[in-house]
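When you get a sec, could you give me coordinates for this:
(4 chains)
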4 protein chains.
Amino acid sequence: MKNDSREYIFEMPMKVRDYEVDSEGIVNNAVYLHYLEHTRHEFCEWAGLSFRQMHACGIDPVLAKVTVEYRTPLGLGQHFVSRLALDRRGPLFVFYQDLFTVDGAPVVRAVVEVACLENGRLTRGLPLVEAFSKYLPEK
Amino acid sequence: MKNDSREYIFEMPMKVRDYEVDSEGIVNNAVYLHYLEHTRHEFCEWAGLSFRQMHACGIDPVLAKVTVEYRTPLGLGQHFVSRLALDRRGPLFVFYQDLFTVDGAPVVRAVVEVACLENGRLTRGLPLVEAFSKYLPEK
Amino acid sequence: MKNDSREYIFEMPMKVRDYEVDSEGIVNNAVYLHYLEHTRHEFCEWAGLSFRQMHACGIDPVLAKVTVEYRTPLGLGQHFVSRLALDRRGPLFVFYQDLFTVDGAPVVRAVVEVACLENGRLTRGLPLVEAFSKYLPEK
Amino acid sequence: MKNDSREYIFEMPMKVRDYEVDSEGIVNNAVYLHYLEHTRHEFCEWAGLSFRQMHACGIDPVLAKVTVEYRTPLGLGQHFVSRLALDRRGPLFVFYQDLFTVDGAPVVRAVVEVACLENGRLTRGLPLVEAFSKYLPEK
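Take a look at the predicted model:
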């Protein structure tokens, strides 16, 4: 999983909410998937097609596979930045998503593969390919 | 808020999942609302009308008001019991919900007022009154 | 529960994260307690004493009682504002916390009573009274 | 990621709690990590060394990497079973964790790599190797 050479197309600052920290004093492992999902949805909205709009059009993105490497744990009240790159692999959208501390230390490196359901059936998600065309690498 | 004289009509054993414990070493305050909701849904299913079935019939219960007194905090892996009584107040269903440690110490005492939306409009929830008639006090 | 005449001392903009919305298409009832907690913690940090700092000094605020009235439900991606007023009642800190849509419609009106544990024992929380003195009403 | 030939050493029945279902009508992707964590903690407790006991001894397991394949989504109130196999790879504990519907359809197939912190430093987790020796494959 090499995210290093990726060119990020979107980033946003985030901050740990204290209820996301578990009894070990660090952000619970599942919460990072919430950070990653929220970043994808903010990216989609920013790129012009919000999750709510997709749903209204009968398009529901669903996760096919997630790989997360945990590097530096986050703690109470910590600021961090969430960065995202986008690619296609066959019918899937592949999001390369990395979180960093404000000092640039890697927090989480993730690869998220997303499939598209249109009216309940798996498709190649062409409406999304079109909507996000300028953020996808040229083929 | 006197739940003491209530006759509980449903109870279920539960156990803290460790991710529900926050950095103070105790179950986070919001998680108790999840315990209470899950208990109400289990009660409804047990009484013959699951949340999913209600939704399929166009009935969506929504919370109007919640009052929670926090008594004894729960910690990692702790067992507890969730008990429920039911009443009506005007158009509302009123759930009296109490959590106890296995030793009987009160964990949380809550009053949860629920309104009914039928196809998006507030109603008196008569289909639910009928479904739960034998669990409601006689008037 | 009259929050109307309160003078808010802190407010912050927030936005629904889509994973906070449940199968009814609205923000789950427990999530509002997370919004309220996050707002209190942001207020404390802004006022000069973060939750992490309190904990490091041996002070742990714990909830004694929460009352939440649910008014207008929030949905996917919705923006809202969180406002807070502060008072004392005996040994308790009382937070009056209200959420509003961007159009000013009330979302949630809550009263949150917080007790102070110092090194595990209930106290009057005098270090916090001092820290927050300029935000507390004169007596 | 072939979990198929694994011999599971622990399994437990579980049920979706309705608040875990998001606006798409299926269990949110992050919630599966909670199911997996809860299963690991239940396994550890059952095997004689609870998470709380580990923590009291200064041992904190932390996630190094998680890979999750999402197959069949779960919905409101659905029952499922969580199964677990255990292996070692270098200093890491590797959990192969699979969720299945009651009909045996795969829900999630996951590989979870866990490192051990002892008093804050990464170790080979020898106290855990000993505690779980009868569940680890012979080398």
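
drop to CA atoms for contacts and neighbour counts, all remaining ones
Fine.

Enumerate the residues of chain A near chain C.
For chain A, the residues in contact with chain C (C-alpha under 8 Å from any C-alpha of the partner chain) are A:17-19, A:34, A:37-38, A:41, A:52, A:76-77.

Make a PyMOL selection of the buried ones in the residues you listed.
Only the buried members of these enter the following PyMOL selection, criterion being 16 or more other C-alpha atoms under 10 Å in any protein chain shown:
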select buried, chain A and resi 17+18+19+34+37+38+41+52+76+77
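
ok, of the residues of chain A next to chain C, which one's closest to chain D?
Using C-alpha to the nearest C-alpha, residue A:34 comes nearest to chain D of those, at 6.3 Å.

Now do the contacts for that closest one.
C:19, D:30 (C-alpha atoms under 8 Å, 6 or more residues apart in numbering or on different chains).

helix/strand/coil for it?
Using DSSP: H, G, I helix; E, B strand; the rest coil, the structure places residue A:34 in helix.

could you measure it against residue D:30, distance?
Distance from residue A:34 to residue D:30, counting by C-alpha to C-alpha, to the nearest Å: 6 Å.

List phi and psi for residue A:50.
The phi and psi values for residue A:50, taken as degrees, to the nearest 10, are phi -70, psi 160.

Tell me how many other residues surround it.
Other residues near residue A:50 number 18, with proximity taken as other C-alpha atoms under 10 Å in any protein chain shown.

thought it was touching residue A:38?
No: using C-alpha atoms under 8 Å, residue A:50 is not in contact with residue A:38; the gap is 11.4 Å.

what residues are up against the closest residue in space to residue A:92 that isn't next to it in sequence?
Using C-alpha to C-alpha, 6 or more residues apart in numbering or on different chains and skipping the chain neighbours, the partner closest in space to residue A:92 is residue A:115 (5.1 Å). Contacts for residue A:115 (C-alpha under 8 Å, 6+ apart) come out as A:61-64, A:91-93, A:122-125.

tell me the mean pLDDT for stretch A:101-110?
Average pLDDT, stretch A:101-110: 97.

now swap in stretch A:75-94 and tell me
According to the model, stretch A:75-94 has a mean pLDDT of 96.

in it, what counts as buried?
By neighbour count, with 16+ other C-alpha under 10 Å as the criterion, the buried positions of stretch A:75-94 are A:75-77, A:79-87, A:91-94.

Leaving out the residues flanking it, which one is nearest to the residue of chain A most remote from its centre?
Summary for chain A: using C-alpha atoms, centre = their mean, the residue whose C-alpha lies farthest from the chain's mean C-alpha position is residue A:23, with a distance of 25.8 Å. On the basis of C-alpha to C-alpha, 6+ apart, the spatially nearest residue to residue A:23 that is not a chain neighbour turns out to be residue B:23, at 4.5 Å.

Please apply the same query to residue A:52.
Nearest-residue entry for residue A:52: residue C:76, 6.4 Å, with adjacent residues in sequence omitted and distances by C-alpha to C-alpha, 6+ apart.

any idea how far that neighbour lies from residue C:9?
For residue C:76, the distance to residue C:9 equals 28 Å [C-alpha to C-alpha].

What of residue A:98?
36 Å.

Among those two, which residue is more densely surrounded?
residue A:98 (23 against 12).

is it true that that one touches residue A:84?
Yes: between residue A:98 and residue A:84 a contact is recorded at 6.5 Å, counting by C-alpha under 8 Å.

For whichever strand or helix holds residue A:44, what does the pLDDT average out to?
Mapping residue A:44 onto the secondary structure by DSSP states H and E places it in helix A:31-46. For helix A:31-46, the mean pLDDT works out to 97.
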